[in-house]
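1. give me a 3D structure for the following:
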Amino acid sequence: MSYVILDLEWNSAYSRQEHRFVNEIIEFGAVKVDDSFCEAGCFEELIAPKIGKKLSGKVKQLTHLTLEDLADGGDFLSVAKAFGEFAGDSVVMTWGTSDIHALIDNFLFYTKKRNIPFLTAYCDLQEYCEKAIGEYDEGNQIGLGSFAEKIGVSFSEEEQHRAAADAVLSLKCLRKVMDGYPLDGCVLKADCEEFYDRMLFRNHFVTDLSSPDIDREQMKFHCDVCGARARRLKKWKLRNKSFCADFYCKSCDRTFTGRISFKKRYDGIKINKRQAVREQQPEREENKEEKQ
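-> Sure, this is the predicted structure:
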C-alpha cells in the first residue's frame, strides 16, 4: 500500500456567480511514500485563480505568493486530474480536515458535485499523530508547526505555509510518532456518501433543554466527595453553551455548581460534566452558630 501526504494552499474569494465565498485552491503539494514510508515521488503545482481577483494580505504574507506567480499555473480541474494520476489508489493524508473541506468546496464550484474523484481512502494525520502521542483532544487540535516543535522535529519557518514543504513536514512528524498508534485505525473509506456526510457534518452544542438529543438522566449529579445523590436547588441556566445549576448534598452539607454540556458530533453526543464547589453562604454559617 502507498500513501500520499497532500497539502493545499487556498485564498478566500467571493463568487458573484454563486453569491458565496469559496476557499479557492491556489497550490497543490504532495509527497508519496511506499508501505515502508520511504519517499517514492513528489507533486507540486500552482493554480491560476479564476474566482478571486486578488490575494488576501494574509495569504501573501504566509505563502509569499503573488498573482504574478500564479498567472502561469494550471486550472483547478486539470491540476486535480494530474494529482489523481499521481496518487493512484494511495491513501490520501492531510494535516486536519480543512484541506478536504477546501477540495469539496472547489469541486462543488466547478462540477456541482461534492465528490473528490481521486479520493478512495483517507487519513487525518493531525488526529493520528495526536493519538500516537496520547494527546488527542477533538476540541483543541494542534497545528502542524506547533506539533513539530512539540515532538522535536526541526523545520524552517521560511519554508512553512507552502504546500510541498508542509507535506514534507507532515511526513517527518508521521515518521517520528508512527510506532505509537496503529495507523489502520485512522484510515477511512472515502469513496462513499457516508464519508462526505461525516466530513461536512458540523459539530455543535445542544442548547435547547427540550431537544431529544439531551439525556435527562445525565443531568443528575452525585456528590464527588461521598457519592450521594445531590438535590438540585435552582432551575438550569445556559452559560457558555453549558447548562448550570446549584446542587446540595445533604450527607456532606455541601453546595456545589453542576455544569453539563452536550456536543453533537457525527458519531453521537459527547457529554462533559463537572462540578465546582460553591463558597458557603454567610446565612448558612450563621445558622450553624445558632445551632451550636
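
2. what ranges do the strands span in the stretch 51-200 of the chain?
-> 91-94, 121-124, 187-189 (DSSP state E, counting those that start in this stretch).

3. gap between residue 136 and residue 150?
-> Going from residue 136 to residue 150 by C-beta to C-beta, to the nearest Å gives 13 Å. For the C-beta atoms, the positions are set from N, CA and C on the backbone; glycine is no exception.

4. can you check residue 91 too?
-> Residue 91 is 24 Å from residue 150, by C-beta to C-beta.

5. and what of residue 265?
-> Taking C-beta to C-beta, one finds residue 265 at 25 Å from residue 150.

6. and for residue 116?
-> On the measure of C-beta to C-beta, residue 116 and residue 150 end up 30 Å apart.

7. neighbour count winner among these two?
-> residue 116 (21 against 14; other C-beta atoms under 10 Å).

8. per-residue pLDDT, the more buried one?
-> For residue 116, the pLDDT comes out at 98.

9. likewise residue 232?
-> Taking residue 232 on its own, its pLDDT is 97.

10. just checking, it touches residue 245?
-> Yes. Counting by C-beta atoms under 8 Å, residue 245 is a contact partner of residue 232 at 5.2 Å.

11. need the overlap of contacts for the two.
-> residue 258 (C-beta atoms under 8 Å, 6 or more residues apart in numbering).

12. the bottom helix or strand of this protein by mean pLDDT?
-> helix 282-291 (a mean of 43; mean pLDDT, DSSP states H and E).

13. now residue 128: closest residue in space that isn't a chain neighbour?
-> residue 186 (4.2 Å; C-beta to C-beta, 6 or more residues apart in numbering).

14. in contact with that neighbour, which residues?
-> 123-124, 127-128, 131.

15. if we go to 7 Å?
-> 123-124, 127-128 (C-beta atoms under 7 Å, 6 or more residues apart in numbering).

16. what about residue 40, distance to residue 246?
-> 61 Å.

17. swap in residue 155?
-> 50 Å.

18. likewise for residue 198?
-> 39 Å.

19. before we move on, what about residue 77?
-> 59 Å.

20. before we move on, what about residue 253?
-> In terms of C-beta to C-beta, residue 253 sits 14 Å off from residue 246.

21. before we move on, what about residue 160?
-> 48 Å.

22. okay, now the unreliable bits of the stretch 51-200 of the chain?
-> 158-159 (pLDDT under 70).

23. so residue 170 makes contact with residue 5?
-> Yes. Residue 170 is in contact with residue 5 according to C-beta atoms under 7 Å; the separation is 5.0 Å.

24. now do the contacts for residue 151.
-> 133, 173, 176-177.

25. among those, which one is most surrounded by other residues?
-> The most crowded member of the contacts of residue 151, judged by other C-beta under 10 Å, is residue 173 (24 neighbours).

26. please consider this matter closed, and thank you.
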